[in-house]
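Chemist: Fold the following.
(chains A, B and C)
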Amino acid sequence: MPPVVKYAIAGFIVLNVVIGLVTYVTLLERKFAARMQSRIGPYYVGWPHGWLQPIADALKLMMKEDVVPTAADRWVYNLAPIAFLIPCILIFATIPFAPGLGVADLNIGVLFFLAVSSLEIVGLFMGGWGSNNKYALISAMRAVNQIISYDLPFVFTALVPVVLAGSLQMSAIVDAQRGLFGWYVCTPLGLLAFVAFLVATLAAENRVPFDILEAESELVAGFRVEYSGMKFALIQLAEYAHMIGTSFLGALLFLGGWLGPGADRWLLVGSVWFLLKAMFVFLVVTWVRWSFVRIRVDQILAISWKLLLPASVLLLMATALMVALQGPRAG
Amino acid sequence: MPDRRAPEASAGAATAEAKAVRTLEIGYGGNERLVMNMGPQHPSAHGVFRAILTLEGETVVAVDAVIGYLHRCHEKLAETLTYVQYPSIASKTDYVSAMTAELTYVAAVEKVGKIDVPRRAQYLRVLVAELQRIASHCLWLGTWCMDMGGALGGGATVFLYAIRERELILDLFESLTGARLLYGFHQVGGVRYDLPEGWAATCRETVALIERRLFEYEAMLEDNAFFLVRTQGVGVISPELALDVGVCGPLARGSGIKYDVRTAEPYSSYEDFAVKVPVETAGDCYARYKVRMAEFRESIRLVRAVLDGLPEGAISSRPGVKSVGQVRIPKGEGYTRVEGARGELGCYLVADGGPKPYRLKWRGASFSNLSILPHIIPGCKIADVVAIMGSVDPVFGEVDR
Amino acid sequence: MPADGFWSETAQLVRAVGRALSITFRNFWRPPVTVQYPTVKRVYPDRFRGILALTYDKETGEENCIGCRLCEFICPPQVIKVEMLKAEKRNWAKTFTLELYSCEFCELCVQVCPTDAIIMLKTFDLATADRREMLLDKDRLHALGLQHEPSWATGNRLRDMQAPPKPAKAEGKAAGKAEAKEPAE
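Modeler: Residues are numbered from 1 along each chain as shown, chains lettered A, B, ... in the order given. Got it, this is the predicted structure:
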C-alpha cells in the first residue's frame, strides 16, 4: 500500500476517534461540574446519566438555522470556523497514542504541536472581525492579547521536558520517563513546570479564571456570538479539541504518556493509560475552571508578563543548567 | 459620534475623570471611541437595564444609564386598589426582598391611620424581614459571583451554592404563607399568618446550616487572589460622594457612613434588639461585600433573638379582611422608611378618608443607588462595570416601579 | 530579587487556591439537591397556595358558593366574575369564571369568602398549550376541587387566625386563647 494511503487511513481513524472523544468529553465535563454544584447534570437524554446528550446536541446544532448577519464580512465570517478548526485538529497528527500508534511521530513533534496550536488565534480573530459586531470585536482583541501572551510561557514550560529528555520527538520523551518515579512530574523542576504548564493551558484555552474573552456575563459568548448552527458546532468542536490536545500533550510530557503496568506488552493497555492520564489533566483543569471567578484582562496580562513568563524562562534555564551539569537523564 | 464627558461635581467623579484622562494621555493614540450597549437584554444586567457605554479600548469613558423598562405604574395602581388589596402588590416592587417591601407600605398606612400593631405581629415582621434579608443577600452573592465568574465557571458554582441556601429559606416561607416569592404576608394592623407547629425549630436548624455554609463561601472567596484583585480598589465611593448622591444601605455603610434605618429610626419593635450596624471604610466593592457578609451574620443573630423572645398574643389588631373596603384611613399624610436589603425603602402616603390612597409615592432604594454609576464607572474597564453593578445590587422593580 | 512579600503572597495564593478547590471537592461528594420532577414530587406544605377550586358542603353535598361576589370585588387583578342566582332559602352562583392565567395567587379571595366556598389546592400543575383551558368556569372549578388535595387555608380559618382574641371571662379566656392560637395542621 503506498504510504499516502496508509497515512490517510490512519489520519481518518484518528480524526474520528478524536471527534468522538471530544463530544463525550463535553458530557464528562458537564456531569463533573454538576456534581460539584450539588446538581445532577444531563440525565434524561439517553437515560440514565445522559449518554446520548452529546449526540442530541450535535443533531440539534446540525438542524439549526444558519443565521448570517447582513453586514458581516462574508468570506472572513464563513471561513473563520474552518480556520479555527484546522490547527486544533492538526495537532493530533503528531501525538502517539502508544508506541507506533499515531499518525506521524515526527522527530520535531513537540515543535510542530506548539507551532500549529498557536495558529488558532488567526481563526479566532477572523471570527471576531468578520461578525461585524462590537462584542465580538472586543472579544477578539482581548483574545489576541491574551493568547499571544500566554503562548510564550506555554512553550517554555513545554520545553522543560524536551530539555530533560534531550529530544523533540514525543515518543522519545515518553521513553525517557521509564522507571519507577521516572515521570517528569515526580522531579522538582518537572513538577513546577507542570503547574506552570497547567496555568498557561488555562489561559491559552480561555478557561476560567482566564476566560475574559468569552465572559458570558459581559460579552455573551465573545467572538462566537454571531455564529449559530453548524458553524457554532465547528467552533465548539475546535475549542474542546484544542483542550483535549493540550491535555494529551501534558500527559505525554509530564505524566509519562502511555507508560504504566502492562503497557509494554499490549498496545491497547498503553493507550488506555494515556487516555486516563489525559482525562486526569482535563479534570484538573475543569476543577479549577468551576471554582474561581475570572479576572480582568489587564490583570491576566500582568500575570503572564510579570509572573509566568519570567518564572518559565527561569525554569527552563535551571533545567538546562541541571542537564548540562549532570548529562542527559538516562532511562 | 457624540463626545460624552463624564458628569462633573464631586471628588469621586473628579478622580475618576482624572484617571480616565491619565489613561488617555498614556497613549491610546486616537480618539476612536466605541459606543456599546450593555443591556437591556444582557446576562448580567440584573434585570432590564440599559447602560450605554462609551469605550476607548477597554476603558469606559462615559456611561449613560437608561431605566424604565420595568415600569408597571405601581403608584397609579395604588390609587385604584384599596388598602386591603395593595399589600400583596407592594411585594412586587422589590420582588427579591418582598417582605420588606410589603412592610413599607403597610407601615405607611398604619402611621397615617394611627393604627397600633400588636407586639407579636411586630416581632413576626422583624423575623420575616431578617429572614428575607438573608435570602436576598444569598441571591446577591450568587448573582454577583456569577457575573464576575461567568455562567460557565466558578461564578456559577457560588451561584448554585447560594441559591441552594436561599431555597431553604424559601421553603420556610412556603410553610408559613404558602408562597415562595411574593407573599402577601402583611396586612394593615398586623400580619395574616401565624407560625405553624414546628416552624420555629425548622427555622433554627435552617439558620444554623446557613451559618455553617457562610464559612464555606468565605473560604472560597475571601482569601482568593482572583476575587480580591477583581474587587479591591474597584468602584470606590468616597463618603462625600455617597452623601452627595444619596446612596443608602450597604453602599453607604461600605463607605464609612454609619446609617441604618433599623437603628436610626427603629420601626416595628427593632429597638428591642440591639442591631449591630457593620461599617467599612474602604468604599470599594470588597468593602460592600464585607458589609453584606456581616449583615448575613447579624440577621441570623436577630432571627434567633426574635424566636427566643416571641411573645404570645394576636397577630393583628384589626379583624381579618372580610370585605374590600374594610380599612378606611382618615385624611392625613406620612412617610415611613424601612431598611430593605438594598437600602432605605420608603413610602409616602396621602390618605383622604376613603378606602383607597389619594397618592402613593415609593422611594426605591435601588433608584437612588443607581445614580452613583455615572460617578464611579468612568475610568474603569468593562469587567469592572459588571463587578460594580453587582455590588450595587439593583432590583429593577424598585427602580422603575 | 523579589521582596519577602513576594513569597508570602505566593504562599497565600497557593493556600487560597487550595481552599477554594477543597470546597468544590467537598461539594462533589455531597448528594445533589435536585428533585427530579415529575418522577419525584416534593412534599408541599399545608398552606401551599396552588390553583383555585370551588367546594361542596361536606354534609349536604350542595355547592358552598352563595354568589355574594366578595371574591370578585377583592381580587386585585379582577380575574373573578360571578353572577348571582337568587332563590328562596339561599343564593347560588349562576356563573363563576376565574381567569387563572392572570391570577396572582394572593389568597385574598379565599380570605374573604364567608362560606369557605373558594379554596386553593396543593397543586399547581395545569400547564397547557391553549390559554382558553385556563379560563376556568364553574364546572371546571368544582371538578378541580374534587380531584386534588385542598390546602389548609379557608376563609374562616384565616380570619380566625388573624382575629384579635375577644375579651372573655377568666376560665373561658384560657380555652379561647388556646383556640385562637391553634395553628391547625
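
Chemist: For the residue lying closest to B:Leu360 once chain neighbours are set aside, which three-state class applies?
Modeler: Nearest non-adjacent residue to B:Leu360, counting by CB to CB, 6 or more residues apart in numbering or on different chains: B:Ala78, 3.9 Å away. From N, CA and C alone the C-beta is placed, and that goes for glycine too. Here B:Ala78 is recorded as helix under DSSP: H, G, I helix; E, B strand; the rest coil.

Chemist: ok, B:Ala78 - contacts?
Modeler: B:86, B:89, B:105, B:356-357, B:360 (CB atoms under 8 Å, 6 or more residues apart in numbering or on different chains).

Chemist: cool, and A:Tyr44?
Modeler: Contact analysis of A:Tyr44 by CB under 8 Å, 6+ apart lists A:Gly50.

Chemist: For stretch A:250-262, buried residues please.
Modeler: A:250-260 (16 or more other CB atoms under 10 Å in any protein chain shown).

Chemist: pull the helix or strand with minimum mean pLDDT from chain A.
Modeler: helix A:216-219 (a mean of 55; mean pLDDT, DSSP states H and E).

Chemist: cool, chain C as well?
Modeler: Scanning chain C with mean pLDDT, DSSP H and E, the lowest is helix C:170-181, at a mean of 41.

Chemist: residues touching the residue nearest the centre of chain A, list them.
Modeler: Residue closest to the mean C-alpha point of chain A, counted by CA atoms, centre = their mean, is A:Met243 at 2.6 Å. Contact analysis of A:Met243 by CB under 8 Å, 6+ apart lists A:25, A:205, A:207, A:282, A:285.

Chemist: ok, the second one - how many residues close by?
Modeler: A:Glu205 has 22 neighbouring residues, counting by other CB atoms under 10 Å in any protein chain shown.

Chemist: if I look at it, how far off is A:Phe282?
Modeler: 10 Å (CB to CB, to the nearest Å).

Chemist: Using the three-state scheme, assign the residue nearest to the centre of chain A.
Modeler: helix.

Chemist: Tell me what the nearest residue to B:Cys380 once chain neighbours are set aside is bridged to.
Modeler: With CB to CB, 6+ apart as the criterion, B:Cys380 has its nearest non-adjacent residue at 5.5 Å, and that residue is B:Val60. Going by DSSP bridges, B:Val60 is paired in beta bridges with B:Leu55.

Chemist: go on, the one 5 residues further on?
Modeler: Beta-bridge pairing of B:Ala65, defined through DSSP bridges, involves B:Ala51.

Chemist: and it, what pLDDT?
Modeler: Here, the pLDDT recorded for B:Ala65 equals 86.

Chemist: got it, and C:Asp4?
Modeler: 56.

Chemist: hang on, the earlier thing: redo the contacts of A:Met243 as CSV? Include secondary structure.
Modeler: Shown next, in CSV, are these (three-state DSSP):
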residue, secondary structure
A:Val25, helix
A:Glu205, coil
A:Arg207, coil
A:Phe282, helix
A:Val285, helix
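
Chemist: ok, these vs chain B, which is closest?
Modeler: Using CB to the nearest CB, A:Arg207 comes nearest to chain B of the contacts of A:Met243, at 8.1 Å.

Chemist: Leaving out chain neighbours, which residue sits closest to the closest one?
Modeler: Nearest to A:Arg207 is A:Arg289, by CB to CB, 6+ apart, at 4.9 Å.

Chemist: Okay, B:Val279 and chain C: tell me how far apart.
Modeler: 26 Å (CB to the nearest CB, to the nearest Å).

Chemist: Let me see the contact set for A:Leu52.
Modeler: Taking CB under 8 Å, 6+ apart, one finds A:45-46 in contact with A:Leu52.

Chemist: which residue ranges form the helices in the chain?
Modeler: Assuming you mean chain A. Taking DSSP state H to define them, one finds helices in chain A at A:3-36, A:53-63, A:74-90, A:109-117, A:120-130, A:134-165, A:170-175, A:188-204, A:216-219, A:229-254, A:267-289, A:297-302, A:309-326.

Chemist: please go with chain C instead
Modeler: Using DSSP H, helices in chain C cover C:4-29, C:70-74, C:108-112, C:138-147, C:155-162, C:170-181.

Chemist: Can you read off the pLDDT for the residue nearest to B:Leu360?
Modeler: Value for B:Ala78, per-residue pLDDT: 91.

Chemist: Repeat that for B:Leu228.
Modeler: pLDDT, read off for B:Leu228, is 85.

Chemist: What helix or strand is the spatially closest residue to it that is not a sequence neighbour located in?
Modeler: Excluding its sequence neighbours, the residue lying closest to B:Leu228 (CB to CB, 6+ apart) is B:Tyr286, at 6.8 Å. Secondary structure from DSSP states H and E places B:Tyr286 in helix B:285-309.

Chemist: how many neighbours does B:Val158 have?
Modeler: B:Val158: 30 neighbours (other CB under 10 Å).

Chemist: so it sits in a helix?
Modeler: Yes - B:Val158 forms part of a helix when assessed by three-state DSSP.

Chemist: Might you report the residue contacts of it?
Modeler: B:Val158 sits in contact with A:293, B:141-142, B:145-146, B:149, B:217, B:220-221, where contact means CB under 8 Å, 6+ apart.

Chemist: Helices - which of these land there?
Modeler: B:141-142, B:145-146, B:149, B:217, B:220-221.

Chemist: could the residues you listed be laid out in JSON lines, adding pLDDT and neighbour count?
Modeler: As requested, these are arranged in JSON lines below (pLDDT from 0 to 100; neighbours: other CB atoms under 10 Å in any protein chain shown):
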{"residue": "B:Leu141", "pLDDT": "90", "neighbour count": "26"}
{"residue": "B:Gly142", "pLDDT": "88", "neighbour count": "23"}
{"residue": "B:Cys145", "pLDDT": "85", "neighbour count": "28"}
{"residue": "B:Met146", "pLDDT": "82", "neighbour count": "26"}
{"residue": "B:Gly149", "pLDDT": "73", "neighbour count": "31"}
{"residue": "B:Tyr217", "pLDDT": "84", "neighbour count": "21"}
{"residue": "B:Met220", "pLDDT": "79", "neighbour count": "26"}
{"residue": "B:Leu221", "pLDDT": "82", "neighbour count": "26"}
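
Chemist: where in the chain is pLDDT low?
Modeler: No chain in the question, so chain A it is. Along chain A, the model assigns pLDDT under 70 to residues A:212-221, A:327-331.

Chemist: Switch to chain C, please.
Modeler: C:1-6, C:165-185.

Chemist: Closest to the centroid, which residue in it?
Modeler: Nearest to the mean C-alpha position of chain C, by CA atoms, centre = their mean, lies C:Arg49 at 1.1 Å.

Chemist: Please name the nearest non-neighbouring residue to that residue.
Modeler: C:Arg49 sits nearest to B:Gly178 (CB to CB, 6+ apart), 3.7 Å away.

Chemist: Can you tell me the element the nearest residue to B:Val306 once chain neighbours are set aside falls in?
Modeler: Closest residue to B:Val306 apart from its sequence neighbours, by CB to CB, 6+ apart: B:Leu127 at 4.4 Å. Assigned by DSSP H and E, B:Leu127 belongs to helix B:119-149.
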